[in-house]
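Undergrad: this is the structure alone, sequence omitted:
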């Protein structure tokens with residue numbers, strides 16, 4: 001199984017970025033997918049998740065309606081559209097995959113996920 005994140009980079013505060021996670025080696029449509037992030041000196045934290053049916057979950061406090069998670073099962077790819085970025089969003093962003101229990105299953109705990117990507121750096125300048 002391989003999960004490869006892309007789309008990170010340096011952006012000014014208020015700007016957008018779209019992250020992608022390309023999956024291979026698994027039946028993508030069977031997996032709940034998640035985005036996590038880890039800032040320097042902090043724990044890896046949940047950002048968003050999407051079930052096999054497209055149900056979504058967000059960390060409301062940090063995302064505040066600015067981020068949108070989506071998936072394209074035909075392309076084996078998950079996305080995170082990030083708008084109105086803030087310096088506090090600076091982190092390495094990781095995608096993750098969890099063999100799903102049901103069509104609407106999402107998971108917020110990093111220990112629930114089976115596979116992880118290597119991460120992509122997002123830096124937001126003020």
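TA: That came through, no problem. What you see is a predicted model, and the numbers here were worked out from it, not measured in a lab. Numbers count the residues shown, from 1 in each chain.
Undergrad: which parts of the helix or strand bottoming out on mean pLDDT in the chain are buried?
TA: In the chain, no helix or strand scores lower on mean pLDDT, DSSP states H and E than helix 60-63, which sits at a mean of 83. Judged by neighbour count using 16 or more other C-beta atoms under 10 Å, the buried positions of helix 60-63 are 62, 63. For the C-beta atoms, the positions are set from N, CA and C on the backbone; glycine is no exception.
Undergrad: now find how far off-centre it is within its chain.
TA: Computed by C-alpha atoms, centre = their mean, to the nearest Å, the chain-centroid distance of helix 60-63 equals 13 Å.
Undergrad: show me what counts as buried in the next helix or strand after that helix.
TA: Moving toward the C-terminus from helix 60-63, the next helix or strand (DSSP states H and E) is strand 67-72. Within strand 67-72, the residues scored as buried using 16+ other C-beta under 10 Å are 67, 68, 69, 71.
Undergrad: quick one: strands adjacent to strand 67-72?
TA: Paired with strand 67-72 in the same sheet, following DSSP bridges, are strand 77-82 (antiparallel).
Undergrad: check which residues of the strand it pairs with are buried.
TA: For strand 77-82, a neighbour-count test (16+ other C-beta under 10 Å) marks 77, 78, 79, 80, 82 as buried.
Undergrad: mean confidence for that strand?
TA: Across strand 77-82, pLDDT averages out at 98.
Undergrad: residues in contact with it?
TA: When contacts are defined by C-beta atoms under 8 Å, 6 or more residues apart in numbering, strand 77-82 is touched by residues 16-23, 33, 35, 47-48, 50, 66-72, 89, 93, 95, 122.
Undergrad: so which elements touch the least confident helix or strand of the chain?
TA: Counting contacts by 3 or more C-beta pairs under 8 Å, 6 or more residues apart in numbering; DSSP states H and E, helix 60-63 is packed against strand 45-50.
Undergrad: tell me what the strand it packs on is packed against?
TA: Applying 3+ C-beta pairs under 8 Å, 6+ apart, one finds that strand 45-50 makes contact with strand 31-38, strand 56-58, helix 60-63, strand 67-72, strand 77-82.
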